[in-house]
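In: Show me the folded form of this:
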Amino acid sequence: MDNFDQAQKEYSEDFCTLLEEAYGKGFLSEGGSEAIDHSVKGFQLDNKKILDIGSGLGGAAIHFAGKYNAIATGVEINEMMVDEANRRVPEKLTGRVKFLYYDDINHLPFLDEYFHLVYSKEVFLHLDVEDKLILFKEIYRILKNDSYFIIVDWLSPVKDHWGNKLKEMMRLDGITLFANTEEDYSDVLRQARFKIVSIDEESEKYAQYNKEIINHLKKDEIQNKLKGKFSDKEIQDNILAYSLLYDSLKEKELFIRRIICKK
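Out: Presented below is the predicted three-dimensional model:
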């Protein structure tokens, strides 16, 4: 099974329900709209064509269009998510947001030099360096000259190795993540011809996000809400997974970085 098939299988409808409860409606990663705003701070997005890779249930792309007046496209390998994200586009944003299914990293379905910005948050950790390189070359192709590629992702301090806490979190969540380092990322981006503008430390911010998630999921009303669909063990394992993620960040088994690149 290739990486795309594996990721599609792992992000089931039930798993997405748990993620949305933790992260907020439409979001499948920490921080919600606050984290997205921080990621693109300083960038002018008004009427710019933005591509969100791994758009999930549409939260980021809809936010780009609604808050920044961008023209946002999301691409996603999970057809269920694509259908649901398109269903969730507000009527007032019709024509400014769309979501597409794709399953071929060798060719993104867009013309050369089409987008002003490509964005991806906590998605490429599902691809090892070989597939990252293929996809990054495609991203380079579809970006306009002098335009930017913004990545927020999980990195390991040790190549091809996660710490024990993160391994246990992956086991509880049933997901597969690749342990690439900052050096791996730098190498593959340069091979794809990108200029790295900055690599910013985000780990402490994301540790705080996960602490807030743990406190939220422990609330009686949230647990009672989830009990309608999940067992007590599933609910407690979900909380434990975020606790392990928090510990991994605090103990530096895991790094979160924002990487800004330019074509």
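In: Enumerate the positions of the longest helix along the chain that are buried.
Out: If you go by DSSP state H, the chain has its longest helix at helix 232-250. Within helix 232-250, the residues scored as buried using 16 or more other C-beta atoms under 10 Å are 235, 237-239, 241-249. (C-beta placed from N, C-alpha, C; glycine too.)
In: Give me the helices and strands touching it, please.
Out: helix 13-23, helix 164-173, helix 203-217, helix 220-226 (3 or more C-beta pairs under 8 Å, 6 or more residues apart in numbering; DSSP states H and E).
In: quick check: angle from the first one to helix 164-173?
Out: Read it as helix 13-23. 130 degrees (axes from the mean of the first three to the mean of the last three C-alpha atoms, to 10 degrees).
In: roughly how far is helix 13-23 from the heart of the chain?
Out: 14 Å (C-alpha atoms, centre = their mean, to the nearest Å).
In: Wait, S33 touches A61, no?
Out: No. S33 is not in contact with A61 according to C-beta atoms under 8 Å; the separation is 11.8 Å.
In: Pick out whichever of these two has more residues nearby.
Out: A61 (31 against 17; other C-beta atoms under 10 Å).
In: Now do the contacts for that one.
Out: The contact partners of A61, taken as C-beta atoms under 8 Å, 6 or more residues apart in numbering, are I50, D52, S55, A72, T73, G74, A85, V97, F99.
In: That one: which element?
Out: Taking DSSP states H and E as the definition, A61 sits inside helix 59-68.
In: would you put the C-alpha positions of that helix in CSV?
Out: Provided in CSV are the C-alpha atoms of helix 59-68 (Å, rounded to 0.1, in the frame of the first residue of the first chain):
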residue,chain,number,x,y,z
GLY,A,59,-11.4,24.9,7.3
ALA,A,60,-8.2,26.6,6.0
ALA,A,61,-9.4,27.3,2.4
ILE,A,62,-12.7,28.6,3.6
HIS,A,63,-10.9,30.8,6.1
PHE,A,64,-8.6,32.2,3.4
ALA,A,65,-11.6,33.1,1.2
GLY,A,66,-13.8,34.4,4.0
LYS,A,67,-11.3,36.5,6.0
TYR,A,68,-8.7,37.4,3.4
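In: quick check: angle from that helix to helix 13-23?
Out: Using the same axes, to 10 degrees: helix 59-68 against helix 13-23 is 40 degrees.
In: can you pull out the strands in the stretch 1-150 of the chain?
Out: Under the criterion DSSP state E, counting those that start in this stretch, the stretch 1-150 of the chain carries strands at the ranges 49-53, 71-76, 97-101, 115-121, 143-155.
In: And the second one, what's buried?
Out: In other words, strand 71-76. Buried residues in strand 71-76 (16+ other C-beta under 10 Å): I71, A72, T73, G74, V75, E76.
In: Nearest spatial neighbour of the fourth one, chain-adjacent residues omitted?
Out: Closest residue to G74 apart from its sequence neighbours, by C-beta to C-beta, 6 or more residues apart in numbering: S55 at 2.6 Å.
In: doesn't K98 make contact with that neighbour?
Out: No. Assessed by C-beta under 8 Å, S55 is found out of contact with K98, at 9.9 Å.
In: Taking the buried residues of strand 71-76, tell me the two that lie furthest apart.
Out: I71 and E76 (17.5 Å; C-beta to C-beta).
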